[in-house]
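A structural model of the following input is requested.
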Amino acid sequence: MNKATISKHNVNDYAMTEALNTVCGNLLFTGQQNKTILLTSCTKGEGKSYLSMEITENLAHRGLKVALIDADLRRSNFTKNYGVKLGGEKQGLAHYLAGYCKLEDALYETDIDGVYVIPNGRYVANPVPLISGPVFADLMKTLSKEFDYVIVDAPPIGLVVDAAEMAHYCDGTIFVITYNQTRRRELADAKEQIEKSGCRILGGIINQVTFEGISSKKYYYRYYYTKYGDEYYSYKSRK
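The predicted structure follows:
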């Protein structure tokens with residue numbers, strides 16, 4: 001298996017760590033049947049990839065074996081944002097789905113214990129035929145047997161259909177939602193697309209929340225907050 005190093009790491013404060021613990025704790029309590037988890041959002045820039053990476057690392061720190069798939073074949077900055085350096089032939093998801101390499105060539109063991117990644121490999125103008133075919137389905141089945149969790153960082157479902165196609169082969173979906181920005185209609189449409197795929201919606205992570213925008217009552221009873229940079233993140237559990 002090829003090796004990969006991740007040189008850029010987010011330094012989280014206590015509040016962020018606790019918020020991520022809450023997210024991952026709730027994820028674990030959804031049941032062992034939910035192993036392949038897709039993260040998507042309505043639009044770009046909602047923090048989906050950042051949270052995919054943080055959830056992956058948090059689960060790995062609990063002693064779990066986790067694979068993170070960079071499933072944005074159209075436009076991804078994953079390797080750049082996290083300073084990922086790939087060994088070997090530098091192949092990824094696109095190469096594997098197209099039949100140009102074996103899974104062991106696209107799967108990388110990172111220098112973070114328990115964390116494995118499948119980079120996107122290369123950009124594809126129209127990835128739908130690749131992600132809607134039997135190869136992607138077999139990939140998810142294979143990884144779910146080898147790993148405790150598989151985190152799929154999918155493109156925004158409100159912009160392209162890719163996430164809905166991939167959700168068909170995943171156990172659960174988590175929405176990343178920008179507070180006071182994501183429109184109700186957009187979220188309803190996204191929810192409908194995921195439901196049509198047959199994938200269970202596990203809940204949503206609400207980000208970019210300021211304390212001034214939420215009452216203290218909701219803070220204590222409904223939301224878990226944290227700060228990242230100059231913005232706040234929260235997780236709202238599904239009841």
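
What residues sit buried inside stretch 50-68?
Under the neighbour-count criterion of 16 or more other CB atoms under 10 Å, stretch 50-68 has 50-61, 64, 66-68 buried. From N, CA and C alone the C-beta is placed, and that goes for glycine too.

where do the helices sit along this structure?
14-28, 48-61, 78-81, 93-97, 103-106, 128-131, 134-146, 162-167, 184-197, 216-221 (DSSP state H).

if we can go back for a sec, pick out the most distant pair among the buried residues of stretch 50-68.
Y50 and L64 (19.7 Å; CB to CB).

which intervals of the protein have sub-threshold pLDDT?
209-239 (pLDDT under 70).

go again using 80 as the cut-off
Residue ranges of the chain with pLDDT under 80: 10-13, 15-16, 208-239.

Can you lay out the helices of the chain as CSV showing distance to T173?
Output for those, formatted as CSV (distance: least, CB to CB, whole Å):
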stretch, distance to T173
helix 14-28, 12
helix 48-61, 12
helix 78-81, 19
helix 93-97, 18
helix 103-106, 23
helix 128-131, 15
helix 134-146, 13
helix 162-167, 5
helix 184-197, 5
helix 216-221, 24
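
Please indicate which of the ones you listed has the most neighbours on average?
Scoring those by mean neighbour count under mean count of other CB atoms under 10 Å gives helix 162-167 as the most buried, with a mean of 26.

Next up, the contacts around the closest residue to V161 other than its chain neighbours.
Using CB to CB, 6 or more residues apart in numbering and skipping residues adjacent in sequence, the residue nearest V161 is V128, 6.5 Å away. Neighbour list for V128: 161-162, 165 [criterion: CB atoms under 8 Å, 6 or more residues apart in numbering].
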